[in-house]
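Peer 1: this is the structure alone, sequence omitted:
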């Protein structure tokens, strides 16, 4: 008979607690960003003779009372929590707890207790969960085999950040789409999405990151096309002044080395003359670069003026 009596008492206890919880309206889970403010609230749905309201934090070794509001005496808050938490009581039927600058130690479940007469305490439960998000971050590099631009977008947070890359062009799509996740020592997770974009012209790529209830974060970048990017990753137009200057610098380096070889074997050239000749050539290159940049600036100014 004893096992049967034990089971019956256990079921009656569950039904009784469920009925108590139904009398208290509260949010089962409240999400908040690390460092932000979190608000937990409870509301008693029936008109009972409530004489006291208490907030408790559920810990592994039991519950810890945080604050109490007594009908005849007002609020009583733990001294070490006066700057950390703010307890608000609209009436004895409703109460809320505001936690400032929530940290990992604030995460967990809380109880709101409505002490009634003569039925005793009725308990509501609400749990605080934290999220954090850092990013998104985008890097772009070149790939020779297969040819294209490797676009990588990453974000770090908890729970797992969802990272999505989108090409903003109707006739283009990514290839070699890959996503990986790494768990860090502090409990956060780094999600990384890597794609290969093979486009002849520059293309806009958007990275969006989402974690739990946080607002969607987006980052837009322009990826250089295959015909617009040189081997060293710099944007170079085939007919631009920069291209001309680059070719001139290569020729200057070639002739300078030839001149150095010649003067080292010819006794008629002194070391001072060699230095002077080198400075003259360097000044010529600097003057050419200045003139080229000035012409390009004037061209842009004219175009904008029109």
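Peer 2: Looks like it arrived, so ask away. Small disclaimer: the values here were computed from a predicted structure and weren't measured.

Peer 1: what does stretch 206-217 contact?
Peer 2: Residues from elsewhere that reach stretch 206-217 (Cβ atoms under 8 Å, 6 or more residues apart in numbering): 31, 33, 131-133, 135-136, 138, 153, 155, 157-168, 193, 218-221. For the C-beta atoms, the positions are set from N, CA and C on the backbone; glycine is no exception.

Peer 1: filter those residues down to the buried ones and hand me the PyMOL line.
Peer 2: Here is the PyMOL command that selects the buried residues among these (16 or more other Cβ atoms under 10 Å):
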select buried, resi 31+33+131+132+133+135+136+138+153+155+157+158+161+162+163+164+165+167+193
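
Peer 1: in strands only, show me the contacts of stretch 206-217.
Peer 2: Per DSSP state E, strands hold the following members of those: 31, 33, 131-133, 135-136, 138, 153, 155, 157-158, 162-167, 193, 218-221.

Peer 1: wait, doesn't residue 68 sit right on residue 51?
Peer 2: No. Taking contacts as Cβ atoms under 8 Å, residue 68 lies outside contact range of residue 51: 11.1 Å.

Peer 1: the two: which is more packed in?
Peer 2: residue 68 (19 against 14; other Cβ atoms under 10 Å).

Peer 1: can you name the next helix or strand after the helix or strand harbouring that one?
Peer 2: Of the helices and strands defined by DSSP states H and E, residue 68 is found in strand 62-70. Downstream of strand 62-70, the next assigned helix or strand under DSSP H and E is strand 74-77.

Peer 1: buried sites along that following strand?
Peer 2: Buried, per 16+ other Cβ under 10 Å, within strand 74-77: residue 77.

Peer 1: low-confidence ranges in the stretch 1-150 of the chain?
Peer 2: Along the stretch 1-150 of the chain, segments meeting pLDDT under 70 span 1-22.

Peer 1: before we move on, what about the stretch 151-300 of the chain?
Peer 2: Filtered on pLDDT under 70, the stretch 151-300 of the chain yields the residue ranges 170-173, 227-278, 280-282, 284-300.

Peer 1: again, only using 50
Peer 2: Residues of the stretch 151-300 of the chain that meet the criterion pLDDT under 50 lie in 229-247, 249-251, 253-254, 256, 298-300.

Peer 1: please enumerate the helices of this structure.
Peer 2: Along the chain, counting by DSSP state H, helices occupy 2-22, 241-265, 271-305.

Peer 1: what about stretch 160-169, how long is it end to end?
Peer 2: 28 Å (Cα to Cα, to the nearest Å).

Peer 1: over to stretch 78-89?
Peer 2: Per Cα to Cα, the first residue of stretch 78-89 is 16 Å away from its last.

Peer 1: that older thread, who's in contact with the strand holding residue 68?
Peer 2: Contacts for strand 62-70 (Cβ under 8 Å, 6+ apart): 51-57, 75-78, 81, 85, 87, 89, 92, 95, 97, 110-111.

Peer 1: swap in stretch 135-150?
Peer 2: 151-157, 161, 163, 175, 194-199, 205, 207-209, 217-219, 221, 223-224, 226, 229, 231, 233.

Peer 1: same check on stretch 24-42?
Peer 2: 43-45, 94-104, 106, 110, 112, 114, 122-133, 212-214.

Peer 1: just the residues you listed: which are in strands?
Peer 2: 43-44, 94-99, 110, 112, 114, 122-133.

Peer 1: from these, list the buried ones, please.
Peer 2: The neighbour-count test (16+ other Cβ under 10 Å) applied to the ones in strands among the contacts of stretch 24-42 identifies 43-44, 94-97, 99, 110, 112, 114, 122-124, 126-133 as buried.

Peer 1: show me the chain divided up by domain.
Peer 2: 2-131, 145-223, 241-305 (automatic domain parsing).

Peer 1: follow-up on the earlier one: buried ones only from the contacts of stretch 135-150, please, as a ChimeraX command.
Peer 2: Paste this into ChimeraX to select the buried members of the contacts of stretch 135-150, with burial taken from 16+ other Cβ under 10 Å:
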select :151,152,153,154,155,156,157,161,163,194,195,196,197,198,199,205,207,208,209,217,223,224,229
